[in-house]
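Peer 1: 3D, please:
(one chain, ligands or ions: 2)
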Amino acid sequence: MINKNAKIYVAGHRGLVGSAIWKNLSDRGFTNLIGRTHAELDLLDGAAVRAFFDAERPDAVVLAAAHVGGIMANSRYRADFIYQNLQIQQNVIGESFRHDVQKLLFLGSTCIYPRNARQPMSEDALLTSPLEYTNEPYAIAKIAGLKLCESFSLQYGCNYIAVMPTNLYGPRDNFHLERSHVLPAMLRKVHLSHLLLEGNETALRRDLMLRPVEGIDGQAAMSDIETVLKKYGIERETVMLWGTGTPLREFLWSEEMADASVHVLLNVDFADTYAPDDTEVRNCHINVGTGREHTIRQVAEFVVDTIGYKGELRWDASKPDGTPRKLTDVSKLHQLGWHHKIELQEGVSLLYKWYLKGEL
Ligand SMILES: NC(=O)C1=CN([C@@H]2O[C@H](COP(=O)(O)OP(=O)(O)OC[C@H]3O[C@@H](n4cnc5c(N)ncnc54)[C@H](OP(=O)(O)O)[C@@H]3O)[C@@H](O)[C@H]2O)C=CC1
Ligand SMILES: C[C@H]1O[C@H](OP(=O)(O)OP(=O)(O)OC[C@H]2O[C@@H](n3cnc4c(=O)[nH]c(N)nc43)[C@H](O)[C@@H]2O)[C@@H](O)[C@@H](O)C1=O
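Peer 2: Residues are numbered from 1 along each chain as shown. Ligands and ions are numbered 1, 2, ... in the order given. Next comes the predicted model:
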């Protein structure tokens, strides 16, 4: 039981999910939340993390800080993804243990499951066959994170729970044209091409003022802007998306992910997450998703319809597709009392409305 005055540390409280978890906890009346920006506390720095825990002594911890990115970032910056994520987890989970934190929630990812896992992927698909290569280093770090939670809980009686989210999207998403996940990337690419097609230079410049691309901001010459955007597949009448468009993905609105996370934090104990009578394998983590999937091409069509784009989509098959299918079995989450409500088409429209407000 976590009371409303409990001191809860949300690591990554400015990120896509961390910010939504902070808001969800505040809306539920939790008044003693603490967070540090990356500039204030580098979670890679073990001594600094220890000093922070010494000073603050949180009662509960939500670990939503991680080195995160889409398929291209994961496959290019492999060392950063495994090293930073292992280090952040090691520091935050380790100091939580040393400081007697009563409850901890760790956010992993459904990319922990094998590339060719049986679909939908239940928690027991973990470690049954090889991983998808594009994000293998990140997935291995996340598997280590969930096993840290499980092992501390089994050996020392801690209450550390690991949730494995499907692909997420929502306010404060990362809209980088190369390093982000598919939904924010597609939305921004199609939006920029739409503005070029409409000749809406003012809106185009405003977009680049907020989120410069390769050092080009809204004050650059239009010819320079068009040259840079073209490198990312964005032209006046066409947008080039990645891969074949055939992979299947599942998407959960970030504020729903936050609600599921807080539901688990408040209502689920480690002992509820596994069956002690099971024989050898006790997978204690919990999948979080919708159990609904779409092809990437369908997702692109939702984006096109939402924006009202009149140009053409093209597909660059030289870019990686990644895992062919990643559908989450959410029966365990449902048994624990949480269901999603927002379907993808509605979520895309919510995301576009948020994006047009011009916030970061
Ligand atoms: N987005 C998605 O589709 C999915 C996300 N997840 C998981 O959910 C969790 C939240 O992800 P999401 O909100 O999307 O990620 P974001 O990148 O939006 O947020 C992560 C936060 O962690 C902070 N952070 C990263 N490194 C450090 C560091 N060394 N020290 C301090 N802070 C740091 C970032 O700060 P800064 O930006 O300043 O570096 C940022 O605020 C992560 O564990 C992620 O792996 C799982 C599945 C899908
Ligand atoms: C959440 C999850 O996210 C990552 O896995 P992913 O789902 O493969 O990543 P993604 O969202 O970047 O792409 C999904 C699909 O979409 C296609 N695609 C088309 N056009 C664009 C495009 O413009 N950008 C991107 N990023 N993808 C595109 C792309 O080719 C792929 O087929 C993991 O690395 C790992 O970090 C993880 O846990």
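
Peer 1: for the residue most central in space within the chain, name its beta-bridge partners.
Peer 2: The residue at the geometric middle of the chain, judged as the C-alpha nearest the mean C-alpha position with CA atoms, centre = their mean, is Leu168 (4.9 Å). On the basis of DSSP bridges, Leu168 is bridged to Leu252.

Peer 1: who's in contact with it?
Peer 2: By CB atoms under 8 Å, 6 or more residues apart in numbering, Leu168 lies in contact with Leu16, Val17, His181, Phe251, Leu252, Trp253, Ser254, Met257. From N, CA and C alone the C-beta is placed, and that goes for glycine too.

Peer 1: try it again with 6 Å
Peer 2: Each residue near Leu168 by CB atoms under 6 Å, 6 or more residues apart in numbering is listed here: Leu252, Ser254, Met257.

Peer 1: one more: Thr134?
Peer 2: With contacts taken as CB under 6 Å, 6+ apart, Thr134 has the following neighbours: Ile71, Asn74, Ser75, Pro320, Gly322.

Peer 1: rerun at 8 Å
Peer 2: Contacts here follow CB under 8 Å, 6+ apart; on that basis Thr134 touches Ile71, Asn74, Ser75, Pro320, Gly322, Thr323.

Peer 1: which one of the residues you listed has the most neighbours?
Peer 2: Scoring the contacts of Thr134 on neighbours with other CB atoms under 10 Å, the highest-scoring entry is Asn74 at 26 neighbours.

Peer 1: how confident was the prediction at the nearest residue to Leu196 once chain neighbours are set aside?
Peer 2: The shortest distance from Leu196 to any residue other than its chain neighbours is 4.5 Å, reached at Arg236 (CB to CB, 6 or more residues apart in numbering). In this prediction, Arg236 carries a pLDDT score of 96.

Peer 1: how far away is the residue in the stretch 51-200 of the chain that ligand 2 sits nearest to from His191?
Peer 2: Shortest the stretch 51-200 of the chain-to-ligand 2 distance, computed as CB to the nearest ligand atom: residue-wise this is Gly70, at 2.7 Å. Noted for Gly70: a distance of 17 Å to His191, by CB to CB, to the nearest Å.

Peer 1: returning to what we had before: closest one of the contacts of Thr134 to Leu33?
Peer 2: Minimum separation from Leu33 among those (CB to CB) is found for Asn74, which lies at 30.1 Å.

Peer 1: which element is the closest one on?
Peer 2: In this assignment (DSSP states H and E), Asn74 forms part of helix 71-76.

Peer 1: quick one: contacts for the residue lying closest to Met72 once chain neighbours are set aside?
Peer 2: Nearest-residue entry for Met72: Glu178, 5.6 Å, with adjacent residues in sequence omitted and distances by CB to CB, 6+ apart. If you count contacts by CB under 8 Å, 6+ apart, Glu178 has them with Met72, Ala73, Ala185, Tyr232.

Peer 1: returning to what we had before: can you give me phi and psi for the residue nearest to Leu196?
Peer 2: Dihedral pair for Arg236: phi -60, psi -40, per degrees, to the nearest 10.
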